[in-house]
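Trainee: Dropping the sequence and predicted coords here.
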Amino acid sequence: MSKLRVAVIGAQGRIGSAAAGAVDAADDLDLVAAIDRDDPLEALTEAGAQVAVELTHPDAVMGNLEFCVGHGIHAVVGTTGWTAERLEQLSGWLADAPDTGVLVAPNFSIGAVLTMQFARQAARWFDSAEVIELHHDNKADAPSGTATRTAQLIAAARAEAGLGAQHDPTTHGLDGARGADVEGIPVHSVRLRGLLAHQEVLFGGTGETLTIRHDSLHHSSFMPGILLAARTVPGVPGLTYGLEHFLEGTQPDRQGD
Ligand SMILES: NC(=O)C1=CN([C@@H]2O[C@H](COP(=O)(O)OP(=O)(O)OC[C@H]3O[C@@H](n4cnc5c(N)ncnc54)[C@H](OP(=O)(O)O)[C@@H]3O)[C@@H](O)[C@H]2O)C=CC1
Ligand SMILES: O=C(O)C1=N[C@H](C(=O)O)C[C@H](O)C1
């Protein structure tokens, strides 16, 4: 069987270089292009890429996706900075390319996906919820894409359960002390040399708290999700938001054991 032709955009970056290596090492995938900031996107079409893995910067991702979708190249997107407006614009491009699929994944690590699912499940049982995300000191965006998505899922679950706004008696304080407000959920961002990607979701109720913590300790944590997404996205036209939609019915990838 012929190999799936995969390109990586942002291939000189921290995660993109790891992704290019993982694609290259996969028996069923062919790394046909590995481009970065100064390379023309036409390299993807010239190489006959069927799937592009996009891991660049919030300032670059939309232009790259407009090119991919416009040329019928499926895309797996890890880059952050997503807003409702950006997702709507992407959906508009995809409407004109009905055979093309794009997965936007706030996080490709299985533990982070599960953290988000557990947080959504827990949200309706607790009065208070806050998110703390901790990342390396070169991260461009805050809060992280994962923390933003986690807070949105908690907010939706609270609304569905009929929970109102969280109690917050703060009347005196410094700007930012209570974190960013993501749909009513406070999100606190730590940037620290030595870290990679970490998140705590804190819930509080009467006489108890629940903490869900996830740590990505190495870029390898994202690779099984990226490879799974690259293999799956050609069969899923349109926009998919969140890796969880591709995980149904799959088995853990134990190649690194
Ligand atoms: N969803 C997930 O699981 C994960 C998502 N991410 C996200 O992926 C993105 C990249 O993260 P990270 O690898 O740490 O960042 P890096 O800055 O290390 O890498 C990004 C790379 O993309 C390059 N780049 C910038 N603009 C363009 C462009 N227009 N075309 C092609 N390449 C470009 C950069 O070049 P230059 O250095 O010259 O700017 C750099 O080499 C971030 O948004 C991050 O949040 C990261 C890890 C996991
Ligand atoms: O920039 C990173 O490193 C990461 N970015 C993603 C995010 O913003 O959630 C995913 C992961 O946290 C690593």
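Mentor: Thanks, I have it. Ligands and ions are numbered 1, 2, ... in the order given.
Trainee: So Leu187: helix, strand or coil?
Mentor: Not quite, residue 187 is Val, not Leu. Recorded secondary structure, Val187: strand (DSSP: H, G, I helix; E, B strand; the rest coil).
Trainee: Would you mind confirming that it makes contact with Gly179?
Mentor: Yes: using Cβ atoms under 8 Å, Val187 makes contact with Gly179 at a distance of 5.2 Å. All C-beta atoms are positioned from the backbone trio N, CA, C, and that covers glycine.
Trainee: so what's in contact with the two at the same time?
Mentor: Common neighbours of Val187 and Gly179 are listed as Glu130 (criterion: Cβ atoms under 8 Å, 6 or more residues apart in numbering).
Trainee: ok, the two, which is more surrounded?
Mentor: Neighbour count, other Cβ atoms under 10 Å: between Val187 and Gly179, Val187 has more, with 24 against 18.
Trainee: Is Asp141 in a helix, a strand, or coil?
Mentor: Using three-state DSSP, the three-state assignment for Asp141 comes out as coil.
Trainee: Buried residues in stretch 4-22, which are they?
Mentor: Residues 4-11, 13, 15-22 are the ones in stretch 4-22 that count as buried (16 or more other Cβ atoms under 10 Å).
Trainee: I should have written stretch 213-223 there, sorry.
Mentor: Counting neighbours by 16+ other Cβ under 10 Å, one finds that the buried residues in stretch 213-223 are 214-216, 219, 221-223.
Trainee: just how off-centre is it within its chain?
Mentor: For stretch 213-223, the gap between its own C-alpha mean and the chain's C-alpha mean amounts to 12 Å (Cα atoms, centre = their mean, to the nearest Å).
Trainee: what does stretch 4-22 give?
Mentor: Between the mean C-alpha point of stretch 4-22 and the mean C-alpha point of its chain there is a distance of 15 Å (Cα atoms, centre = their mean).
Trainee: Please see if it touches ligand 2.
Mentor: No: using Cβ under 6 Å from any ligand atom, no contact is recorded between stretch 4-22 and ligand 2, whose separation bottoms out at 6.6 Å.
Trainee: Any idea how far apart the tips of that stretch sit?
Mentor: Start-to-end span of stretch 4-22 (Cα to Cα, to the nearest Å) is 14 Å.
Trainee: So which residues make contact with it?
Mentor: Around stretch 4-22, the neighbours that count as contacts under Cβ under 8 Å, 6+ apart are 23, 28-37, 41, 43-44, 47-57, 60, 64, 73, 78-79, 138, 219-220, 222-223, 226-227, 230-231, 234.
Trainee: let's go with 6 Å and repeat that
Mentor: Contacts to stretch 4-22, defined as Cβ atoms under 6 Å, 6 or more residues apart in numbering, come from residues 23, 29-36, 44, 48-56, 64, 219, 223, 226-227, 230.
Trainee: now stretch 242-253
Mentor: Stretch 242-253 is contacted by residues 105, 108, 113, 224-225, 229, 232 when judged by Cβ under 6 Å, 6+ apart.
Trainee: Give me the distance from that stretch to the chain's centre.
Mentor: Using Cα atoms, centre = their mean, the distance from the centre of stretch 242-253 to the centre of the chain it belongs to is 14 Å.
Trainee: That one - what's its average pLDDT?
Mentor: Predicted confidence along stretch 242-253 averages 88 (mean pLDDT).
Trainee: Dig out what Leu202 forms beta bridges with.
Mentor: According to DSSP bridges, the residues that bridge with Leu202 are Glu130, Thr211.
Trainee: And it, how far from Arg158?
Mentor: Plainly put, Leu202 is 14 Å away from Arg158 if you go by Cβ to Cβ, to the nearest Å.
Trainee: these two touch, right, Arg149 and Asn107?
Mentor: No: the pair Arg149 / Asn107 is not scored as a contact, 7.7 Å apart, by Cβ atoms under 6 Å.
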